[in-house]
Structure formats: C-alpha cells, structure tokens
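Student: Turn this into a model:
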Amino acid sequence: MGADVELDGIPLTMLWTLHNRASESKRPDAILRDPDCERIYDAIAFDYERAFGKPDGTHAVRSKMFDAVLRPWLEAHPGGTVVELAAGLETQFQRCDDGQVRWLCVDVPDAIAVRERFLPPSERCRHLPVSALDTAWLDQVDPSHGVFVTAQGLFMYFEPEQVRRLCSAILDRFPGVELMFDTIPPWFSRKTLRGFHKTPHYEAPPMPWGVRRSDIADLVRSWSPKVTEVTVSSYSPSHGPLPATLPLFELLPVLRDIPPAIAHVRTA
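Tutor: As a prediction, the model looks like this:
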C-alpha cells in the first residue's frame, strides 16, 4: 500500500509535475535521471494517469534546464544559498547538491507537510512553510556567498502585479542575485481562466499570469534597475515531434510566443 496524500488546488499540481518527471526518469531513453523522484512517485497511492493523463516529460525538460543553469552557479559560488520557491516535491537539491550549498525550500504549509514525509529537511536544506508571496522568507536568506532564487511552476498562478512586487523585492534585496522562473503564454493563461480540464477527472487551477516570450526581457528589466541580463528560452515535451521542431519556433517570431518559456535573470 502506498502513502495517501491529501492535496487540492495549486498544491495538487506537485503530483502533476511528479508524474511527468518520474515517468521520464523511468524511460530507458530518459533525458533526466531522478531516482528520488521515482521513489516518491512509487510511494504515493495516487492514480496519476487518471488525473493527469499520459506523461509527456515536459516538467523533466524544465527541471533539466534549471539544473543546467544552477550547476555552474554552484561551482562559482561555493557555499552560496539557493532559494527554491514552490519547492513541492521537486528534487533539485538531491540532484545538484555539491556538499556545500545552503538550500531553502519555500512552500505553503500543506505542500511542505507532504514534502517532509518523503524529503526530510536537513542542516543545509531547510524548509519554510510560507507562501512565496510572504516576503518574510527574504529574512531567512544568508546572502554572504551569493543567492540564486528559482521558481518552477509558480508565477503563472499569481496576478501580474503580485509577480512584479515579488520579483522586484528579490532583485532589489540581494546584490548580484540570480533569478530563474518559467512562464506560460497568454493563450494558455486564457484557457485556464475559462476552465482547462487536463482530463475528465482533473481541472487545472486558474493561471492568471501569461506573458509572451517576446515581452519577457523588457518586462523583467522594468521590475528593477539592477537587472543586467535576461536570457529566455522555450521548452517542450521530452520526446516526439515537438522537441525536433522547437528550433524552428525559436527562429520565427510568430511561433516564438506559442510554447512556454524559462527566464534566467542576472543582476549587478
């Protein structure tokens, strides 16, 4: 018998991303190996496919792209602090831990309670049960060796003004901070606001913040004068025709704004 997990609303999406990441990790041709993710996935008594449908690996691609940016940062900032907003059941600390990093997982109390059943906190990986919008978490961050803030699958659930206020607070608080987050396009945001049923058994929460990839860099620069560089890239499912055609989407402006995107922000 697996463990029962009681979640609803936005916290339930942590099982959606777990489904995509663990299913990818189990494939012989996986683009991301994540044994801790598989362990948690198998331990929870939940009918993932009934709720979320066939896995497409999208969230494994997202995690891999976040890892690829974070690992060089860790090498350049030994003992630095990573803040993982909306940590959920993401296992990035387990994948990227270099033995020195200080990690802070921030999520709502319901999500942290579930996380701690499978991923107990430790001296270097602390858990803070508050909303990312409660900027009291900023006071828990040691900036002495550099700060990197990640937000996977979070900002789209906030109102645009909430995203602006939170990101401005982060960018202005820590000198040289780097921020990485993903976005959804406006067409998908509108779809969720009308009621997006991923399957007959699961309706995704509303996602009010959708932004065109073409607009992300200018928007982020407007949040803080300290921003020096914004790198934006699209992502797609892990296998099939879409990954093969993604480079074409990158080249054509009319297509560039269709897929979801990931932004990496550097500051002075």
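Student: For Ser214, see how far away Ala261 is.
Tutor: Separation of Ala261 from Ser214 (C-beta to C-beta, to the nearest Å): 10 Å. The C-beta positions use only the backbone N, C-alpha and C, and glycine is treated the same way.
Student: Please say which of those two ends up with more neighbours.
Tutor: Ala261 (21 against 12; other C-beta atoms under 10 Å).
Student: what's the residue positioned nearest the centre of the chain sitting at in phi/psi?
Tutor: For the chain, the residue nearest the mean C-alpha position is Gln152 (0.9 Å; C-alpha atoms, centre = their mean). Per-residue torsions, Gln152: phi -100, psi 130 (degrees, to the nearest 10).
Student: Wait, it touches Glu90, no?
Tutor: Yes. Judged on C-beta atoms under 8 Å, Gln152 makes contact with Glu90 at a distance of 6.2 Å.
Student: what touches both of those two?
Tutor: When contacts are counted by C-beta atoms under 8 Å, 6 or more residues apart in numbering, Gln152 and Glu90 are jointly contacted by Thr17, Ser63, Glu84.
Student: re earlier: what sits against the residue nearest to the centre of the chain?
Tutor: Thr17, His59, Arg62, Ser63, Phe66, Glu84, Ala86, Glu90, Phe181, Asp182.
Student: So what touches the helix or strand harbouring the third one?
Tutor: With secondary structure defined by DSSP states H and E, Arg62 is part of helix 58-76. Contact partners of helix 58-76, identified using C-beta under 8 Å, 6+ apart, comprise 16-17, 20-21, 24-25, 30-32, 34, 80, 82, 90, 92, 95-96, 98, 100-101, 146, 148, 150, 152-153, 178, 180, 182, 233, 235-238, 243, 260, 262, 264.
Student: Quick check on these: which are buried?
Tutor: Among the contacts of helix 58-76, the ones that count as buried by 16 or more other C-beta atoms under 10 Å are 16-17, 20-21, 24-25, 30, 32, 34, 80, 82, 90, 92, 95-96, 101, 146, 148, 150, 152-153, 178, 180, 182, 235-238, 260, 262, 264.
Student: Take those residues and keep only those in helices.
Tutor: Among the buried ones among the contacts of helix 58-76, the members falling in helices (DSSP state H) are Trp16, Thr17, Asn20, Arg21, Glu24, Ser25, Gln92, Arg95, Cys96.
Student: Can you list the residue ranges for strands in the chain?
Tutor: In the chain, strands defined by DSSP state E lie at 81-85, 102-107, 125-129, 147-151, 178-183, 197-199, 202-203, 227-234, 261-267, listed in chain order.
Student: Can you say which of those is nearest to Pro247?
Tutor: strand 227-234 (9.6 Å; C-beta to C-beta).
Student: Give me the contact list for that closest one.
Tutor: With C-beta under 8 Å, 6+ apart, strand 227-234 has contacts from 65, 171, 213, 216-217, 220-221, 246, 249-250, 256, 259-268.
Student: CA atoms only for stretch 113-129 - export them in CSV, please.
Tutor: What follows is stretch 113-129, C-alpha atoms only, in CSV (Å, rounded to 0.1, in the frame of the first residue of the first chain):
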residue,chain,number,x,y,z
ALA,A,113,3.9,18.8,5.2
VAL,A,114,3.8,16.4,2.2
ARG,A,115,7.4,17.2,1.2
GLU,A,116,8.7,16.3,4.7
ARG,A,117,7.1,12.9,4.5
PHE,A,118,9.4,12.0,1.7
LEU,A,119,12.2,14.5,1.8
PRO,A,120,13.1,15.5,5.4
PRO,A,121,14.8,18.8,5.9
SER,A,122,18.5,18.9,7.0
GLU,A,123,21.1,21.4,8.2
ARG,A,124,21.8,22.5,4.6
CYS,A,125,18.3,22.0,3.2
ARG,A,126,15.8,23.9,5.3
HIS,A,127,12.0,24.0,4.8
LEU,A,128,10.0,27.2,5.3
PRO,A,129,6.1,26.7,5.3
